[in-house]
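S.K.: can you look at this prediction? I've put the sequence above it.
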Amino acid sequence: MNCRGAFSLKQPITITILLGKEPILRLFGASSATMPFADQYMTIYCLGTVFVQLTVGMNYYITTQGFAATAMVTTMLGGVLNIVLDPVFMFGLHMGVAGAALATVLSQMASFVWVLLFLFGKKTALRIRLKNMRPDWPILKRIMILGAAPCFMSASEDVLHICFNNQVLAYGGDVAVSAMTILFTMFQVVLLPVEGIAQGSQPIISYNYGAKTYARVQETVSLALKAATVLAVVMGFTVVGLPEMFIRIFSSDPELVRVGAPMLRLYMLVMFLHGPNCTFQRTYTSLGEGKKSFFFAFYRKIILLIPLLYILPAALPAWGVMSVVLAEPISDTLTALTNAVYFRRFMGKKLGDERKKPHPFFRNNDLYHDKSQGCSRHRQPRLPDGRPDLRVGPVPESDHHSDAERGRHVGGRIFPHLPLLRADSRGCGGAGTVISREASRGHRRENV
């Protein structure tokens, strides 16, 4: 593990932010009225940010080993503890904004200790050892290269927030900036569960794509698409219908509620489009096309949203701050439409081309094209003397065999440990062709 190397990379970043915190805060939209509070919070938070960075980084080592519940506790521990400590430090100890920052740092420290206890414990296979705590620069270089794209997307999100806050400050003042913070938070509250569904479908899509069971790939994508869209519709329109209620969760200030409610309604107006959009982008990654996922994220934020933040206020001056907020639903709509059109063509071409390829266990001359069914089939294998190999062939359509039994029938024998898969309506390959360990060793076929 390169925890020490990661720690050494975070130190100069923290120092740089502390030295240049005032211009950075100005860049993110802090005014003279909010600067003292922002300065207090940022100073304390930056000193303790090393805990959250190491916690997030090492939590992946827990998830990778299959301890998803333990990794979830890491996140929940910090979040719940932060909710409990915030009122204690802010109001009980009268520390105000500084108390909120201290509560956040202490919560992150608790999550950090939890992760360390697990990774130093007996359950983990990736145990932290002091002898491995020296940086391995070649490995760190590879890690940084792989993390370059996610880093760029996170940086683009920061640039987006800077542009939003500066435009909102110019057209709506400090109250509008405060409302914009609530808008960003509510957007994440709705988006993260939707992203969770799309992300949860990734290993299933990737596994079945690698196994060449393309019907299951399509079925998984369809199911994830429906679930993510329904969740986005329900949560999005709930926020759109009750914006005042959600603003009051964060503040009871009447002016903030008055300004923030219409902003929130417009900002979340097409939130339901993020259901399919998230599913499309996660599917690209699952099928080994990460560049396409990266492009559509870049397209939405950099090509569409940021220019619209400056074009719309100039084109619609009477709208004021609402013209800035309008950039979000317009860019989301254009991205979703473009992505949907491309995704339909992509899936047809990606899975269609793969169906034409012979399975790696078979020779090319074992395939022939069945024009009547519009798909490729495997020829009957033959013995060295040219006679048909009757040990392997089509599964008998006998009344004595159920669908499940026929799905595990190989050369007259039943293998109950094989997976239960069904052929498509044409009896062709795809999800209906299974290669068992026994069959693959002798290039045998098993037709479901």
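M.R.: Ah, there it is.
S.K.: surely Glu244 and Val257 touch.
M.R.: Yes - using C-beta atoms under 8 Å, Glu244 is in contact with Val257, at 5.7 Å. In this view, the C-beta of every residue, glycine as well, is placed from N, C-alpha and C.
S.K.: looking at these two, which one has more neighbours?
M.R.: More crowded of Glu244 and Val257, by other C-beta atoms under 10 Å: Val257, with 20 against 13.
S.K.: please name every helix or strand in contact with the host helix or strand of the more buried one.
M.R.: Using DSSP states H and E, Val257 falls within helix 254-267. Packing partners of helix 254-267 (3 or more C-beta pairs under 8 Å, 6 or more residues apart in numbering; DSSP states H and E): helix 148-210, helix 214-241, helix 243-250, helix 321-325, helix 327-356.
S.K.: pull up the gap between Val80 and Leu54, please.
M.R.: In this view, Val80 and Leu54 are 20 Å apart by C-beta to C-beta, to the nearest Å.
S.K.: returning to that earlier point: pLDDT of the helix holding Val257, averaged?
M.R.: Averaging pLDDT along helix 254-267 gives 94.
S.K.: what's the following helix or strand after it?
M.R.: Assigned by DSSP H and E, the successor of helix 254-267 is helix 274-286.
S.K.: ends of stretch 59-72, how far apart?
M.R.: From its first residue to its last, stretch 59-72 covers 9 Å (C-alpha to C-alpha, to the nearest Å).
S.K.: would you mind listing the buried residues in that stretch?
M.R.: Across stretch 59-72, burial judged by 16 or more other C-beta atoms under 10 Å covers Asn59, Tyr61, Ile62, Gln65, Phe67, Thr70, Ala71.
S.K.: same thing with stretch 333-346?
M.R.: In terms of neighbour count (16+ other C-beta under 10 Å), stretch 333-346 has its buried residues at Leu334, Thr335, Ala336, Asn339, Phe343, Phe346.
S.K.: out of the residues you listed, who's nearest Asp158?
M.R.: Of all those, Thr335 has the smallest distance to Asp158: 19.4 Å, by C-beta to C-beta.
S.K.: check contacts around that closest one.
M.R.: Contacts for Thr335 (C-beta atoms under 8 Å, 6 or more residues apart in numbering) come out as Leu273, Asn277, Phe296, Tyr299, Arg300, Leu304.
S.K.: before we move on, back to that, could the buried residues of stretch 59-72 be laid out in a markdown table, adding secondary structure, pLDDT and distance to Ile205?
M.R.: A markdown table is the format used below for the buried residues of stretch 59-72 (DSSP: H, G, I helix; E, B strand; the rest coil; pLDDT from 0 to 100; distance: C-beta to C-beta, whole Å):
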| residue | secondary structure | pLDDT | distance to Ile205 |
| --- | --- | --- | --- |
| Asn59 | helix | 84 | 23 |
| Tyr61 | helix | 80 | 24 |
| Ile62 | helix | 85 | 23 |
| Gln65 | coil | 80 | 22 |
| Phe67 | coil | 84 | 23 |
| Thr70 | helix | 87 | 25 |
| Ala71 | helix | 85 | 21 |
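S.K.: what about stretch 126-136, average pLDDT?
M.R.: Model confidence over stretch 126-136, given as mean pLDDT, is 75.
S.K.: which parts of that stretch are buried?
M.R.: For stretch 126-136, using 16+ other C-beta under 10 Å, the buried residues are Ile128.
S.K.: any idea how far apart the tips of that stretch sit?
M.R.: Criterion C-alpha to C-alpha; first-to-last residue distance in stretch 126-136 is 16 Å.
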